[in-house]
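> coords below, sequence missing:
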């Protein structure tokens, strides 16, 4: 026994190292594929000075910025806050000494967007002068350093942008509204580009405001649908239910599912091997009664720790916690159901049964999650975050554990049925019987 110990330790070490490494890669892949939550989407409409050409690159220096995550303490007093998701940034012009303000408010529903517009209009009319204007940003687009943005200058949509000019207390500038499908679902924006501390806006200052607007909006419009001054809610396509349509979607999704299987194959096999070894160790070292309750104790302790952690750390989308929890709860779910079937197998070895059920349960959950995610993104409404049945990692973990137990019971039942068929076949034809 002792002569095999170093070899066993090496195998365990390799499995754990590979599992940790690929789980880290999985975290990166999930994080990059998941759209940011609403509180971060306003920031992506802020000016990007890299779009300016070389001659204009020195016109602005960013002074400060702050988002809805930082609260309302630093928001500019010259503008109201009309959304829970906002981003403010301030700039100075070294050549003129003028100060500029950019404000972006984000909405993911039409009702919220119209309510925000109404609230903003009331404020503007009470604190200054409001004038409807039509902006032409084509000259600014034509001077961009990015060829794709320069191409936009020739479109009519950028020559007649309905906007609202505001001359008020402490700031003067232009308000734009637009909708885009840059993120999944509905996305509406109110954006302000203005000068602070003066109501006498020069022609150069107006040009500078247009430059700031130009550097913000193209990020959303390149290769995406967009509409300035939307008058009606965004239309979510009514997808066809014809077999040809779904066959076409299957062609798109199937290669991605194969990539998911290939990417997760090694960590799943490693985790299945580790769980099978744990099951053998429990069978040799622990009494049957303890073997029944030990997985429940582990699950209870883990979920308890998550509940305590949730009091201090808010995590509402898939992250490292969910991945690590999956690596623990799925094996525990399989081991929870194992005592029910343990004594009924004669042909299939216990290690093989546990190994098969852990791998099968993990692949079932991974493929179900990936399929739902991809269908939501590519087929239905493009909102993968809505898949997660709760914002609470504790609730998600409990559901994951219960799913693991149910899937494991099904797989164990299939294994037991196959075992009995093999045993019956072996009894009829002893020479053809094979142990696993």
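That came through, no problem. None of the values given here were measured: they were computed from a predicted structure.

> excluding its backbone neighbours, what's nearest residue 279?
Counting by C-beta to C-beta, 6 or more residues apart in numbering, residue 279 lies nearest to residue 354, which is 4.4 Å off, once chain neighbours are set aside. For the C-beta atoms, the positions are set from N, CA and C on the backbone; glycine is no exception.

> Please tell me how far the one you found sits from residue 305.
Note on residue 354: its distance to residue 305, by C-beta to C-beta, to the nearest Å, is 25 Å.

> Comparing the two, which shows the higher neighbour count?
Neighbour count, other C-beta atoms under 10 Å: between residue 354 and residue 305, residue 354 has more, with 29 against 12.

> Residue 414 versus the more buried one, what's the distance?
14 Å.

> Also residue 267?
Applying C-beta to C-beta, the value for residue 267 to residue 414 is 23 Å.

> More neighbours: these two, which one.
A direct count of neighbours by other C-beta under 10 Å for residue 267 and residue 414 places residue 267 higher, at 22 against 13.

> Over to that one: give its phi and psi.
Per-residue torsions, residue 267: phi -60, psi -30 (degrees, to the nearest 10).

> And what about residue 86, helix, strand or coil?
In three-state terms, and counting by DSSP: H, G, I helix; E, B strand; the rest coil, residue 86 is strand.

> what about the stretch 101-250 of the chain, any weak spots by pLDDT?
198-203, 218-224, 236-250 (pLDDT under 70).

> could you point out which element follows the helix or strand residue 369 falls within?
Element membership for residue 369 (DSSP states H and E) is helix 350-378. Going down the chain from helix 350-378, the next helix or strand is helix 393-428, by DSSP H and E.

> What is the neighbour count of the closest residue to residue 59 other than its chain neighbours?
For residue 59, ignoring the flanking residues on the chain, the nearest one in space by C-beta to C-beta, 6+ apart is residue 93 at 5.7 Å. Neighbour count for residue 93, taken as other C-beta under 10 Å: 17.

> Please apply the same query to residue 283.
Applying other C-beta under 10 Å, we find 15 residues neighbouring residue 283.

> Report the angle between the helix or strand hosting it and helix 350-378.
Under the criterion DSSP H and E, the helix or strand holding residue 283 is helix 243-285. With axes from the mean of the first three to the mean of the last three C-alpha atoms, to 10 degrees as the basis, helix 243-285 and helix 350-378 are set at 150 degrees to each other.

> Tell me which helix or strand comes right after helix 243-285.
helix 288-310.

> List the buried residues in that next one.
Going by neighbour count (16 or more other C-beta atoms under 10 Å), the buried part of helix 288-310 is 291, 294-295, 298-299, 302-303, 306.

> can you check stretch 188-197 too?
With burial defined by 16+ other C-beta under 10 Å, the residues of stretch 188-197 counted as buried are 188-196.

> how does the chain divide into domains?
Here the domain assignment for the chain is 2-34+241-432, 38-228, based on automatic domain parsing.

> Among these, which comes closest to residue 235?
domain 38-228 (9.7 Å; C-beta to C-beta).

> Tell me which residues touch residue 170, please.
76-78, 196-197 (C-beta atoms under 8 Å, 6 or more residues apart in numbering).

> which of those sit farthest apart?
Farthest pair in the contacts of residue 170, by C-beta to C-beta: 77 and 197, 12.3 Å.

> thinking again about what came up before, now tabulate the contacts of residue 170 in TSV and tack on secondary structure and distance to residue 69.
Converted to TSV, the contacts of residue 170 look like this (DSSP: H, G, I helix; E, B strand; the rest coil; distance: C-beta to C-beta, whole Å):
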residue	secondary structure	distance to residue 69
76	coil	17
77	coil	20
78	coil	22
196	strand	23
197	coil	27
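
> of these, closest to residue 175?
residue 78 (12.9 Å).

> Find the nearest non-adjacent residue to the closest one, please.
Nearest to residue 78 is residue 170, by C-beta to C-beta, 6+ apart, at 3.7 Å.

> again with residue 109
Distances taken as C-beta to C-beta, 6+ apart put residue 186 closest to residue 109, at 6.2 Å, once the chain neighbours are dropped.

> just to revisit the earlier point, which helices and strands does the helix holding residue 369 pack with?
Counting contacts by 3 or more C-beta pairs under 8 Å, 6 or more residues apart in numbering; DSSP states H and E, helix 350-378 is packed against helix 243-285, helix 320-341, helix 393-428.

> try 10 Å this time
Packing partners of helix 350-378 (3 or more C-beta pairs under 10 Å, 6 or more residues apart in numbering; DSSP states H and E): helix 5-33, helix 243-285, helix 320-341, helix 393-428.

> any idea how far the third one is from the chain center?
The one in question is helix 320-341. Distance of helix 320-341 from its chain centroid, counting by C-alpha atoms, centre = their mean, to the nearest Å, is 24 Å.

> now swap in stretch 155-165 and tell me
Between the centre of stretch 155-165 and the centre of its host chain there is 33 Å, according to C-alpha atoms, centre = their mean.

> Stretch 348-356 now?
That offset, for stretch 348-356, works out to 36 Å (C-alpha atoms, centre = their mean).
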